[in-house]
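> Here is a sequence together with a model predicted from it:
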Amino acid sequence: MTYDRLVCANCAAPVSEGRCPVCRANRERLQQENFFAGLNPLALVALLVVLIAAAALLAHQTV
């Protein structure tokens, strides 16, 4: 889950802004849990496309 869409129950602001100590603590926890949690879905799709293209290029060179 990306934290850019989460809303803090303590201050009702987006967690990504880190306005209160609760937001900042949860933002840090989410960033430490998983590297991909901080990426937006478009960046993940772009990474997947690059990996598929690299695999196709490697497969083409070995033939």
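Perfect, thanks for sending it.

> Now N26: which helix or strand?
Element membership of N26, judged by DSSP states H and E, is helix 21-33.

> Give the next helix or strand downstream of that helix.
Using DSSP H and E, the helix or strand that follows helix 21-33 in sequence is helix 41-62.

> how close does the residue most central in space within the chain get to Q31?
Centre of the chain computed as the mean C-alpha position; nearest residue by Cα atoms, centre = their mean is L39, 2.1 Å away. Separation of L39 from Q31 (Cβ to Cβ, to the nearest Å) stands at 11 Å. Backbone N, C-alpha and C define where each C-beta goes, glycine included.

> roughly how far out does the lowest-mean-pLDDT helix or strand in the chain sit from the chain middle?
Ranked by mean pLDDT, DSSP states H and E, the helix or strand of the chain with the weakest confidence is helix 21-33, at a mean of 82. Mean C-alpha position of helix 21-33 versus that of the full chain (Cα atoms, centre = their mean, to the nearest Å) differs by 13 Å.
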